[in-house]
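Novice: Fold the following.
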Amino acid sequence: MKGRTIIGSSEEGKWKKGMAEKTIILFGTYAEKNTGDDYMLVSQIENIRCRCPDCRIVVFTGNRNHTRQVLQRQEIALTGIRLVYTGRWGLAEPGLVFPGSFSWFFRNILEIFRADLLIIGPGNQIQDVTRWMRVVFFLSRAVLAWLLHTPCAFLGIGFFELRSTFCRRLLRFTGNRAEFFSTRDQGGADKIREIGVVPKKIVALADVTFARRWAPIKGALAKEEMLIGVTSRIFLPSFFPPPVALNFEDSLATLLRRIHETYGARFLFFPYYKGSQWKDAVAYDRLVSRLGGDDFPMRPFPFSTLEELRAGTVRCRAFIGTRYHSVLLSVQNGIPVLGISYAHKTQRFMRENGLGEYVVRVEDVSPALLWRTWNKLWDNRESIRGKMADINARERRLADRHFDLVFDTLAAGSSVESPNMASRKL
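Specialist: Modelled structure (predicted):
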């Protein structure tokens, strides 16, 4: 492929003439007050601007004000970025009055018509286990792009299941007409191939957050003695049987209590999801109630930026992560992490990177299993840190290739076939 520029090279940000005039639409699960989604959006914008500072970016979002605040807190200049409502929370855009509240529909069509590339992803949008209309919501834009002859690509998709025959056919139709279909793990790529998307379109890479270049932390990292990071979440009965949710909460509380009694550990709880009534703060309250209330040495860690989140994470000696991106951020910073997997993604990441013995499916959770897994993690923490250095180097190379594909597509103006990147090299 011609014209490729790798982030970090001497040609960084210097693309051929005319690239600055290109417009890219980012269409993911934005403005749902989920830190993982914000992390992926910021990573995309920073990487696009690193390669092409003047490239125009349109963000399709469920709430323009929320996304604007996220970008402002991250000190991302809004010059050259347009925020467009997608209809995520109803036909009338919240905060606007008629007829302006309905103008988003025509704006979506116009932006897709004008764009040089529509990117769907990254994340776990393409699944109908929780809401089948969610799939139609995202793939409808891919169909619209096809009708308007606008190139479309799927980027960093975390695919695990489509149950509906209609949704499977719709994904096959749009996937085979996409410029490329990159996933964040090999397991997702295999599933996409089974649905019928042609292999030449599919590229198994890594989560886009591995492509983010963090500023160095000033000074020495002062890890507090036995401070353990924790994330948890609410498992709704519509998706998980109540016994599974109750057993998870009881088992996690038992694990934290035993770690405290054995090592004198204290805990920081990181609320990654702050959106609905089932936000992580509710999970924290339920966990604390099982641990005897405020006397137990666990406190929530407030953060408003990714840098603040990272600063709290690196204070920890180890991490117990239920939220997917809390597991990734731990690995990215060399923090040994016990993963609790509820939707394949954590399990896939850990297993594909040689950390499978430190992840437990939520359906298999028990006090005994969590305690054994924790002890193994703690006993092997030094070797795990060494392994994480290799994991980060590899995942960063793979994550960078998402953006190689984006800019190769823009430069070539046609579909990109990348047989050398069709599988992860572990």
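
Novice: what about the helices in the chain?
Specialist: Along the chain, counting by DSSP state H, helices occupy 35-51, 64-73, 104-114, 132-147, 165-176, 186-195, 242-263, 280-290, 306-313, 324-332, 345-352, 367-379, 381-412.

Novice: Export these as JSON lines, with columns for mean pLDDT, distance to Gly158 and mean neighbour count.
Specialist: Every residue, glycine included, has its C-beta placed from N, CA and C. Shown next, in JSON lines, are those (pLDDT from 0 to 100; distance: least, C-beta to C-beta, whole Å; neighbours: other C-beta atoms under 10 Å):
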{"stretch": "helix 35-51", "mean pLDDT": "97", "distance to Gly158": "10", "mean neighbour count": "22"}
{"stretch": "helix 64-73", "mean pLDDT": "96", "distance to Gly158": "20", "mean neighbour count": "17"}
{"stretch": "helix 104-114", "mean pLDDT": "95", "distance to Gly158": "23", "mean neighbour count": "16"}
{"stretch": "helix 132-147", "mean pLDDT": "92", "distance to Gly158": "13", "mean neighbour count": "18"}
{"stretch": "helix 165-176", "mean pLDDT": "96", "distance to Gly158": "14", "mean neighbour count": "17"}
{"stretch": "helix 186-195", "mean pLDDT": "95", "distance to Gly158": "6", "mean neighbour count": "19"}
{"stretch": "helix 242-263", "mean pLDDT": "96", "distance to Gly158": "21", "mean neighbour count": "17"}
{"stretch": "helix 280-290", "mean pLDDT": "96", "distance to Gly158": "19", "mean neighbour count": "17"}
{"stretch": "helix 306-313", "mean pLDDT": "97", "distance to Gly158": "19", "mean neighbour count": "18"}
{"stretch": "helix 324-332", "mean pLDDT": "98", "distance to Gly158": "8", "mean neighbour count": "25"}
{"stretch": "helix 345-352", "mean pLDDT": "96", "distance to Gly158": "5", "mean neighbour count": "22"}
{"stretch": "helix 367-379", "mean pLDDT": "98", "distance to Gly158": "23", "mean neighbour count": "16"}
{"stretch": "helix 381-412", "mean pLDDT": "96", "distance to Gly158": "13", "mean neighbour count": "19"}
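
Novice: mind putting those helices in a markdown table, distance to Gly80 included?
Specialist: Formatted as a markdown table, those follow (distance: least, C-beta to C-beta, whole Å):
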| stretch | distance to Gly80 |
| --- | --- |
| helix 35-51 | 8 |
| helix 64-73 | 12 |
| helix 104-114 | 14 |
| helix 132-147 | 21 |
| helix 165-176 | 28 |
| helix 186-195 | 31 |
| helix 242-263 | 44 |
| helix 280-290 | 33 |
| helix 306-313 | 21 |
| helix 324-332 | 26 |
| helix 345-352 | 32 |
| helix 367-379 | 44 |
| helix 381-412 | 15 |
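
Novice: wait, which of those is closest to Arg361?
Specialist: helix 345-352 (6.4 Å; C-beta to C-beta).

Novice: Just name whatever secondary elements the closest one is in contact with.
Specialist: In terms of contacts (3 or more C-beta pairs under 8 Å, 6 or more residues apart in numbering; DSSP states H and E), helix 345-352 is packed against helix 186-195, helix 324-332, strand 337-341, strand 359-361.

Novice: These: which one's closest to Leu83?
Specialist: Of all the helices and strands packed on helix 345-352, helix 324-332 sits nearest to Leu83, with 22.3 Å by C-beta to C-beta.

Novice: Quick one: distance of the closest one to the chain centre.
Specialist: Mean-position distance between helix 324-332 and its chain equals 10 Å (C-alpha atoms, centre = their mean, to the nearest Å).

Novice: Would you mind putting the CA coordinates of that helix into PDB?
Specialist: Below are the C-alpha coordinates for helix 324-332, written out as PDB (Å, rounded to 0.1, in the frame of the first residue of the first chain):
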ATOM      1  CA  TYR A 324     -13.400  -4.000  30.100                       C
ATOM      2  CA  HIS A 325     -11.400  -0.800  29.700                       C
ATOM      3  CA  SER A 326     -10.400  -0.900  33.400                       C
ATOM      4  CA  VAL A 327      -8.600  -4.200  32.500                       C
ATOM      5  CA  LEU A 328      -7.000  -2.600  29.400                       C
ATOM      6  CA  LEU A 329      -5.900   0.500  31.300                       C
ATOM      7  CA  SER A 330      -4.300  -1.700  34.000                       C
ATOM      8  CA  VAL A 331      -2.400  -3.700  31.400                       C
ATOM      9  CA  GLN A 332      -1.400  -0.500  29.600                       C
END
